[in-house]
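In: Dropping the sequence and predicted coords here.
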Amino acid sequence: MTTTPEPTRGVPRIEGDPAPTLRADHNALADWVRDNTPENNLLVPGSVAGEGVRVSARGRIDFTNATTISVDGVFTPKHRNYVVLLDVSSATEETDIHLVLRVNGVGSAANYDVEALTGRHTSVYASQHADTTSIPLQAWSGKNHWVELTLARPATTLPTIGKLLSFSTITPPTQHTATVMKSFLHRPHTAFDGFKITATTGTARITGMIWVYGYHYG
C-alpha cells in the first residue's frame, strides 16, 4: 500500500491495494480535511495588480514598495468562508492600512460597519466606525503589521461579515506594540470576488506577503 501526499498539509490519500471500502472511506476523510480546514486550501487568485505586486504559482502574493495591492478572482461560490493573512514586514513611513471588497475589479467604498477593541501600552478601549468607506486593518499606525482576517460568505449575495486580529509595531521614538480585535459588516447584498489593500498615510509604501485560504464548501 502506498500513500499519495496532497500538495498541501492534510490527510494523505490512499492509492493501491487496500479494500475499496477502506480506501473510499479514508479518501473521503482526506478530502473533507482538505476542504474544511483553511490551512490546507491556499488559493491562487485570478489576478493581482499594483506596483511591485506578484503572485507565485502556489498562491502566495508578494508586494514590494507597493501603495495598493489588488487581488481579484479569489472568492468564488466553491468556498463559503475565507482567511486572509497579511504580513507587512516594512514600510517607508508609519501608515494605516485599509481594505475594501471588490467585484469585477471595482471596489465597494461604502457601507462598512466596524467595531474594535484596542490595546496599546497599558490602555484598552473600544471604538466604532459606522457606515464607513473601508475596513481599517491596522492595530495602530506603524511600519510593521500582522493581520489575520476571516471573511464569511463574501462570494454570496448575503451581507459579508467577518473578524480580524491585528498586531502593529510603532517605531519612533521607541518601539511599542498595539493589538486590536475587530468585527465588521458590509451591509449590501453583494457577491464579491476580491479585495484591495491600500497604505493610506502620506506617501507610504509597504513590503510583505499575503495568503488567502478558503474553507467550508458553499
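Out: All right, it came through fine.

In: Going by C-alpha atoms from here, please, whenever you check contacts or count neighbours.
Out: Noted.

In: Leu165 versus the most centrally placed residue in the chain, what's the distance?
Out: The chain has Val84 as the residue nearest its centroid, 1.3 Å off, counting by CA atoms, centre = their mean. Distance, Val84 to Leu165, by CA to CA, to the nearest Å: 11 Å.

In: follow-up on the earlier one: please list all residues in contact with the residue nearest to the centre of the chain.
Out: Val147, Glu148, Leu149, Thr150, Leu151, Ile210, Trp211, Val212, Tyr213 (CA atoms under 8 Å, 6 or more residues apart in numbering).

In: and the third one, what pLDDT?
Out: In the predicted model, Leu149 carries a pLDDT score of 97.

In: ok so it is a helix residue?
Out: No. Counting by DSSP: H, G, I helix; E, B strand; the rest coil, Leu149 is located in no helix; its state is strand.

In: related to what we said a few turns ago, now do the shared contacts for Val84 and Leu165.
Out: Joint contacts of Val84 and Leu165 (CA under 8 Å, 6+ apart) are Val147, Glu148, Leu149.

In: Contacts only, for the first one.
Out: Going by CA under 8 Å, 6+ apart, Val147 touches Val84, Leu85, Leu86, Asp87, Leu137, Gln138, Leu164, Leu165, Ser166, Phe167.

In: Apply 6 Å and report the result again.
Out: Leu85, Leu86, Leu165, Ser166 (CA atoms under 6 Å, 6 or more residues apart in numbering).

In: Just the buried subset of the residues you listed, please.
Out: Leu85, Leu86, Leu165, Ser166 (16 or more other CA atoms under 10 Å).

In: The first one contacts Trp211, correct?
Out: Yes. In this structure, Leu85 is within contact of Trp211 by CA atoms under 6 Å, at 5.1 Å.
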